[in-house]
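> generate coordinates for the sequence data below:
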Amino acid sequence: MIGGIILAGGQGRRMGGLMKALLPIGGKFMIEHVRNNMLPLCGSVTAVVASEEQAKLLSGLKLPCLIDTAPGQGPLAALHTAFEYNCYSALWVTACDMPFVSDKAAAFLQHQMEESGSLAAVPEVNGQLHPLHAVYRAECLKQVELCLQEGDYSMKGFLKRINYVRVSEEKFQTAGIELSFVDNINTPGQYEEAKIRKGV
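As a prediction, this is how the structure comes out:
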């Protein structure tokens, strides 16, 4: 059993400052779709938010929240908060603006990580790494801390420090897993498209 973490503290600048986690799609908030897709694989699912205010906005969703200890510093700092409070051997990390996250994809990533003996498994789709739909061992905390201590807040910098396995889109396709799990919502146009895909 692994833990589930949803990074939900972004400022949503390209969405007019709206909290993307609470954008409605098909009768549910976006973060609810993410949580519901994660629950089959995870012992628990927790959101990392930027402030008490954001936590209050999510309070009616029965979704535990952690307050980011370094808000505004990007996903790696939020990941640090998640690792600090983690009680699982591994974490499946997603973002709140990814309504098509897949427990099948995450289970496949976990298997690839364990089979390779790596510290993490990260999808590589369309020639791009997707560290915000990835699985990480708890031991990654040390490398996250080193990055932050040195002022490197980038996920790219963090990945350079750890032994991780890249899982290609061909491997997902061979396993019968659709690649939409890496799609995220950054703009109003992408949000409207997601609603159509969810049948709204």
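
> partner strands of the longest strand seen in the chain and their direction?
If each strand of the chain is counted by residues according to DSSP state E, the longest one is strand 42-49. Taking DSSP bridges as the criterion, strand 42-49 pairs within the sheet with strand 2-7 (parallel), strand 65-67 (parallel).

> single out the most deeply packed of these.
strand 2-7 (a mean of 26; mean count of other C-beta atoms under 10 Å). C-beta coordinates here come from the backbone N, C-alpha and C atoms, glycine included.

> which residues does Val167 form beta bridges with?
Under the criterion used (DSSP bridges), Val167 bridges to Pro123.

> just the pLDDT at it, thanks.
We have a pLDDT of 98 for Val167.

> roughly how far apart are it and Ser44?
24 Å (C-beta to C-beta, to the nearest Å).

> then Ala134?
Distance from Ala134 to Ser44, by C-beta to C-beta: 18 Å.

> okay, those two: which has more neighbours?
Each of Ala134 and Ser44 has its neighbours counted (other C-beta atoms under 10 Å); Ala134 has more, 24 against 15.

> next up, phi/psi of that one, please.
phi -140, psi 170 (degrees, to the nearest 10).

> also Gly60?
The phi/psi pair for Gly60 (degrees, to the nearest 10) is phi -80, psi 0.

> how many other residues sit next to it?
Residues within reach of Gly60, counting by other C-beta under 10 Å, total 8.

> residues contacting it?
Listed by C-beta atoms under 8 Å, 6 or more residues apart in numbering, the contact set of Gly60 is empty.

> the closest residue to Arg166 other than its chain neighbours: what's it in contact with?
Excluding its sequence neighbours, the residue lying closest to Arg166 (C-beta to C-beta, 6 or more residues apart in numbering) is Glu124, at 4.6 Å. Glu124 makes contact with 130, 166-169, according to C-beta under 8 Å, 6+ apart.

> of those, keep whichever come out buried.
Those of these that meet the buried threshold are 130, 167, 169, by 16 or more other C-beta atoms under 10 Å.

> one step back: restricting to C-alpha, output the helix or strand just after the longest strand of the chain in PDB.
On the C-terminal side of strand 42-49, the closest following helix or strand by DSSP states H and E is helix 52-57. Only the C-alpha atoms of helix 52-57 are listed here, as PDB (Å, rounded to 0.1, in the frame of the first residue of the first chain):
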ATOM      1  CA  GLU A  52      -5.100  27.600   6.100                       C
ATOM      2  CA  GLU A  53      -7.600  29.500   3.800                       C
ATOM      3  CA  GLN A  54      -7.100  26.900   1.000                       C
ATOM      4  CA  ALA A  55      -7.500  24.100   3.600                       C
ATOM      5  CA  LYS A  56     -10.800  25.600   4.700                       C
ATOM      6  CA  LEU A  57     -12.000  25.700   1.200                       C
END
